[in-house]
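1. Would you be able to build a 3D model of this:
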Amino acid sequence: MDRDELDRLQSYLQRMLNPEIGLAARARVENMAEVILGDQPIGRVTVDDEDGDRSYNVTVPIEMPSANPNLNEAVRGKFGNEKLRVVPRPKKTDSSEIYLDDEYIAVLFRDDASGRSWTFEMAVLDFDLDPEE
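-> Take a look at the predicted model:
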């Protein structure tokens, strides 16, 4: 990813998740960047060029303090955004949907049976990076 692409993706993530989010290119890994909030890396972005369509996968691990976590608190705390909310998926117990206000933006997957390890996954399409009109 070049700097312009990183800047456009960073602007999108700032609008959707937190104005303080930054992206840093990974040395020696061409199609990956670190997601940074404050001074801490919190996740990564990878590029997918399959079928000629460019997209990005934002992955952020979220560790829960207990086996019966409050997913809303955990996700809001991770991103510092009170507008995010977790909604259970019908017929699925291993994942939930993430909404920004009323807009679906991502999925939260449970990584283990204990319920203490989850992964936030957000797909971003290349046309999402166009500036808002």
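
2. which residues of the protein score low on pLDDT?
-> 67-68, 132-133 (pLDDT under 70).

3. Return the list of helices and strands in contact with the biggest helix by length in the chain.
-> The longest helix of the chain (DSSP state H) is helix 3-16. Secondary-structure packing of helix 3-16 (3 or more Cβ pairs under 8 Å, 6 or more residues apart in numbering; DSSP states H and E): strand 21-25, strand 32-37, strand 117-125. Yep, even glycine has a C-beta here, placed from its N, CA and C like the rest.

4. In TSV: the ones you listed, plus distance to residue 91 and mean neighbour count.
-> Output for the helices and strands packed on helix 3-16, formatted as TSV (distance: least, Cβ to Cβ, whole Å; neighbours: other Cβ atoms under 10 Å):
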stretch	distance to residue 91	mean neighbour count
strand 21-25	32	18
strand 32-37	30	19
strand 117-125	19	17
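
5. Rebuild those as JSON lines, extending it with distance to residue 78.
-> Shown next, in JSON lines, are those (distance: least, Cβ to Cβ, whole Å):
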{"stretch": "strand 21-25", "distance to residue 78": "11"}
{"stretch": "strand 32-37", "distance to residue 78": "8"}
{"stretch": "strand 117-125", "distance to residue 78": "7"}
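
6. So which of these is nearest residue 65?
-> Residue 65 lies closest to strand 117-125 among the helices and strands packed on helix 3-16, at 11.6 Å (Cβ to Cβ).

7. Touching that closest one from outside, list them.
-> With contacts defined as Cβ atoms under 8 Å, 6 or more residues apart in numbering, strand 117-125 is touched by 9, 12-13, 16, 43, 53, 55-64, 69, 71, 74-75, 78, 98, 105-111.

8. Over to stretch 89-107?
-> So stretch 89-107 is in contact with 16-17, 58, 71, 75, 81, 83-88, 108-110, 120-123, going by Cβ under 8 Å, 6+ apart.

9. Quick one: buried ones out of those?
-> The neighbour count (16 or more other Cβ atoms under 10 Å) marks 16-17, 58, 71, 75, 81, 84-86, 108-110, 120-122 as buried among the contacts of stretch 89-107.

10. farthest pair in these?
-> 16 and 110 (22.3 Å).
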